[in-house]
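# task: produce atomic coordinates for the following.
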Amino acid sequence: MTSIIEMPELVMEKIIEFSDFQSVLTLRQVCRDFRNFIDDLKDSKLPDSKFKQIKIFAIFDNSKNTITFDFVDPEGSSIRIEYSEMENSRTFETEDNPEQITTTILGNSNIVDVAIRDLELALKFQKTKLEWLYLNFNNFQLQNGSSIHTLLIKMNTIFTNPNRRIKTRRIAISTFNESLVLPMLQLADPETLEVINFLGMDHVPEVEAGEIVKTEQWKKAVQLRCEFYLMNLNIENVCHFSTIFSKMNLITSRDLDTLKKTFLSSSKFEKWDLHCKYFDEQEELSDIWGPALDSGSIREWYFRMKTSEEKILRIGVIYTPMIRREHNLIHFDIWKTTDVPDGAVIQGHSEN
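Model prediction:
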């Protein structure tokens, strides 16, 4: 009797073509020949997984050492694969069939190597760029007692190769370890990346901007959301973003004037929200831009855009005293001329 692996290659290719991602991963475990056949297939012979999001979680604590992948399709349904170091196992669970859970004991295999190989295969299936790559290493620690601590190191070895970076429009990063922010960002392909989202981290309130702003990912993205304070950030390094929500440690009136001139000269800018720990140069701003519309809690300036007579740049500076520190919210956004309040002076784009 002929075994399945002895079937003609065309038949084997058709089997793979009509299989889903989880089925192919299962087939790879059948035998070495099947695994080699799948791994050697050209990308064009593989079905499109059509994932919209991939979420990667690394959890390291006293009770649970796991790596988890969530693969989310366009309808929002997901496949979850969890790799347990303590049980040396891999578990499949689908959202559509939560009661159907399949667990495989991995024997002598290293769970990090198995996880990365599965991720490589998932990305090999992916014909289009992801909408989101979500990386959550909040409980992740670089401890030599666990093999999981090598996950990011091994991922960077593979996926920071220019031809292997993960093609995604958006990346979201959450970690307790400041040193992981840069290598996590570098996993994304800068040619497809549009949005960078650094999520809030109570254990990492401040991160040095130095090496992050040098990356191609930072330079080519057009939207930024940063929920921790970027330290020693030069204002020139954010002028290419069309939309910003960011925390900054310090900003000067000259920095704001640079941003104003950048915003006025281009039609690509949409909205900037800057949350600054230290800014005490509101009087200097009035010297540069003229008197503000002062409502007590907020000072506002209005400038006519170079690209449109009907659009107005509004810059608002809100000062709010917070516990143990001062806090300033600085908004740049576009208003219609008809929305400008009475009493406000609209300055020409060439003024100041």
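# in the stretch 51-200 of the chain, which spans are helices?
111-125, 151-159, 181-185 (DSSP state H, counting those that start in this stretch).
# let's have the ones you listed in JSON lines, adding mean neighbour count, mean pLDDT and distance to residue 23.
Using the backbone N, CA and C atoms, a C-beta is placed for each residue, glycine as well. Listed next are the helices of the stretch 51-200 of the chain as JSON lines, based on neighbours: other CB atoms under 10 Å; pLDDT from 0 to 100; distance: least, CB to CB, whole Å:
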{"stretch": "helix 111-125", "mean neighbour count": "19", "mean pLDDT": "89", "distance to residue 23": "11"}
{"stretch": "helix 151-159", "mean neighbour count": "17", "mean pLDDT": "92", "distance to residue 23": "24"}
{"stretch": "helix 181-185", "mean neighbour count": "20", "mean pLDDT": "95", "distance to residue 23": "30"}
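# now distance to residue 167 too, for these, in TSV please.
What follows is the helices of the stretch 51-200 of the chain, written out as TSV (distance: least, CB to CB, whole Å):
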stretch	distance to residue 167
helix 111-125	8
helix 151-159	11
helix 181-185	15
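# which one of those lies nearest to residue 235?
Smallest distance to residue 235 across those (CB to CB): 20.2 Å, for helix 181-185.
# other SSEs contacting the closest one?
helix 151-159, strand 168-175 (3 or more CB pairs under 8 Å, 6 or more residues apart in numbering; DSSP states H and E).
# between the last one and helix 151-159, what angle do the directions make?
Put plainly, it is strand 168-175. Per axes from the mean of the first three to the mean of the last three CA atoms, to 10 degrees, the angle that strand 168-175 makes with helix 151-159 is 160 degrees.
# in a markdown table: the helices and strands packed on helix 181-185, plus distance to residue 272.
Listed next are these as a markdown table, based on distance: least, CB to CB, whole Å:
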| stretch | distance to residue 272 |
| --- | --- |
| helix 151-159 | 31 |
| strand 168-175 | 18 |
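# so which of these is nearest residue 115?
Of all the helices and strands packed on helix 181-185, helix 151-159 comes closest under CB to CB, at 7.2 Å.
# in which helix or strand would I find residue 12?
Assessed by DSSP states H and E, residue 12 sits inside helix 9-17.
# return the set of buried residues in stretch 52-68.
Across stretch 52-68, burial judged by 16 or more other CB atoms under 10 Å covers 52-60, 65-68.
# turn these into JSON lines, including pLDDT.
Compiled in JSON lines, the buried residues of stretch 52-68 are given as follows (pLDDT from 0 to 100):
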{"residue": "52", "pLDDT": "95"}
{"residue": "53", "pLDDT": "96"}
{"residue": "54", "pLDDT": "96"}
{"residue": "55", "pLDDT": "97"}
{"residue": "56", "pLDDT": "96"}
{"residue": "57", "pLDDT": "93"}
{"residue": "58", "pLDDT": "89"}
{"residue": "59", "pLDDT": "80"}
{"residue": "60", "pLDDT": "71"}
{"residue": "65", "pLDDT": "86"}
{"residue": "66", "pLDDT": "91"}
{"residue": "67", "pLDDT": "93"}
{"residue": "68", "pLDDT": "95"}
